[in-house]
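**Q** Kindly return the folded structure for what I paste below:
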Amino acid sequence: MGVFTYEDEVTCSIPPAKMFKAAILDSDNLIPKIMPQAIKCVEILRRRPIHIGSKFRSMTHRVDAIDKENFTISYTVIDGDVLSGNIESISHELKVVASPDGGCIYKKTRKYHTKDDAQVCEEHIKGGKEKGLVLFKAIEAYVSAHPDEY
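**A** Numbering: from 1, shown residues only. Okay, the predicted model is just below:
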């Protein structure tokens with residue numbers, strides 16, 4: 001099995017606690033509301049959220065660990081059509097930390113676990129990053145427009 005690791009960071013003006021609550025803890029309610037064209041619904045089945053919509057018909061995430069006090073979550077995509085032929089799973093580690101200006105830095109590490117020594121297509125990586133950024137900015141805009149909600 002091959003493992004390919006990719007890291008990225010995004011900054012925003014929302015404090016870490018609010019961003020974590022909106023983007024992680026309330027994602028099953030918030031994301032379909034702010035991006036109905038991309039995510040039709042999120043269902044929690046045995047504590048495994050299933051996101052339905054977008055280019056992919058469905059995917060299943062397994063939450064591996066969540067730390068509400070330190071604003072971290074680890075989860076793994078374990079099923080769905082996002083796992084193309086050579087990808088067995090995609091693990092995510094996310095941490096929301098304070099930035100000097102009062103906002104936050106959203107740090108994400110993705111590990112693509114491939115079958116045998118297969119490579120991960122750069123187009124797949126780029127597409128995932130772009131979709132993640134669009135979603136992140138939509139959450140940021142919503143929380144900015146509704147500051148008392150979170």
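**Q** Helix or strand for Ile14, just tell me which one.
**A** For Ile14, there is no host helix or strand (DSSP states H and E).
**Q** What residues does Lys107 make contact with?
**A** Neighbour list for Lys107: 7-9, 94-97 [criterion: CB atoms under 8 Å, 6 or more residues apart in numbering]. The C-beta positions use only the backbone N, C-alpha and C, and glycine is treated the same way.
**Q** Partner strands of the host helix or strand of it and their direction?
**A** If you go by DSSP H and E, Lys107 is part of strand 104-114. Partners of strand 104-114 in the sheet, by DSSP bridges, are strand 2-12 (antiparallel), strand 87-98 (antiparallel).
**Q** Please enumerate residues in contact with the longest one?
**A** So that's strand 87-98. 1, 15-16, 19-20, 23-24, 64, 70-78, 82-83, 104-115, 118, 120, 124.
**Q** got the buried residues for it?
**A** For strand 87-98, burial by neighbour count (16 or more other CB atoms under 10 Å) applies to 87-88, 90-96.
**Q** Could you dump the strands paired with strand 104-114 into TSV and include distance to Leu135 and mean pLDDT?
**A** Listed next are these as TSV, based on distance: least, CB to CB, whole Å; pLDDT from 0 to 100:
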stretch	distance to Leu135	mean pLDDT
strand 2-12	10	91
strand 87-98	12	93
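**Q** closest one to Glu140 among those?
**A** Nearest to Glu140, of all the strands paired with strand 104-114, is strand 2-12, at 4.5 Å by CB to CB.
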